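Peer 1: Quick check, what structure comes out for this input:
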Amino acid sequence: MRIDQIGRWSLVPFGLSLVLWIFPSSPPTAGESTPQGTGSVTVEEAGPGFELPLVGLGSSLLILSVLRAQQRLESQARQTF
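Peer 2: As a prediction, the model looks like this:
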C-alpha cells in the first residue's frame, strides 16, 4: 500500500501520540511519601491508558478528512476555471 503526501502528514499526530504513550515524559516515581494521619486515601497511579493513542488516531483521521476535502475542492475549482 502506498501512502501519499496527505497520508503522511495526517499520520504525524498518531505517531507522536504513540511515542508519548510508549515513552512518557515523567515516569511514575515509586516510594513517594504521603503524610500519615491525614485520613486521605491515596490511589495508586495506573499504567498508561489507551486514551492517548485514540486521541492521536482521531486527530489523524480528522486531519486526513479535512485535507482530502480541501483537495476535492481545489480540483473542482480547477475544473470550473
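
Peer 1: Just say helix, strand or coil for R2.
Peer 2: coil (DSSP: H, G, I helix; E, B strand; the rest coil).

Peer 1: Repeat that for G49.
Peer 2: Applying three-state DSSP: G49 is coil.

Peer 1: any idea how far W9 is from it?
Peer 2: To W9, G49 is 26 Å away according to C-beta to C-beta, to the nearest Å. Glycine gets a C-beta too; all of them are placed from N, C-alpha and C.

Peer 1: what sits against the residue found closest to L18 once you drop the neighbours it is linked to in the chain?
Peer 2: Closest residue to L18 apart from its sequence neighbours, by C-beta to C-beta, 6 or more residues apart in numbering: P53 at 5.7 Å. For P53, the contact set (C-beta atoms under 8 Å, 6 or more residues apart in numbering) comprises 14, 17-18, 21.

Peer 1: Buried ones only from those, please, as a PyMOL command.
Peer 2: Listed next is the PyMOL selection for buried residues among the contacts of P53, using 16 or more other C-beta atoms under 10 Å:
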select buried, resi 14+17+21
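
Peer 1: ok now whatever helix or strand the residue nearest to L18 lives in, how far from the chain's centre?
Peer 2: Per DSSP states H and E: P53 is located in helix 51-80. Its chain's C-alpha centre and that of helix 51-80 lie 16 Å apart, by C-alpha atoms, centre = their mean, to the nearest Å.

Peer 1: One more: stretch 9-21?
Peer 2: On C-alpha atoms, centre = their mean, the centre of stretch 9-21 falls 5 Å from the chain's centre.

Peer 1: same thing with stretch 69-81?
Peer 2: Using C-alpha atoms, centre = their mean, the offset of stretch 69-81 from its chain centre is 30 Å.

Peer 1: Output it as PDB, nothing but the C-alphas.
Peer 2: Listed next in PDB are the C-alpha coordinates belonging to stretch 69-81 (Å, rounded to 0.1, in the frame of the first residue of the first chain):
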ATOM      1  CA  ALA A  69     -12.000  17.600   1.300                       C
ATOM      2  CA  GLN A  70      -9.600  20.500   0.600                       C
ATOM      3  CA  GLN A  71      -8.100  18.500  -2.300                       C
ATOM      4  CA  ARG A  72     -11.500  17.800  -3.700                       C
ATOM      5  CA  LEU A  73     -12.500  21.500  -3.500                       C
ATOM      6  CA  GLU A  74      -9.300  22.500  -5.300                       C
ATOM      7  CA  SER A  75      -9.800  20.000  -8.100                       C
ATOM      8  CA  GLN A  76     -13.400  21.200  -8.600                       C
ATOM      9  CA  ALA A  77     -12.200  24.800  -8.600                       C
ATOM     10  CA  ARG A  78      -9.600  24.000 -11.300                       C
ATOM     11  CA  GLN A  79     -12.200  22.300 -13.400                       C
ATOM     12  CA  THR A  80     -14.500  25.300 -13.300                       C
ATOM     13  CA  PHE A  81     -11.800  27.800 -14.400                       C
END
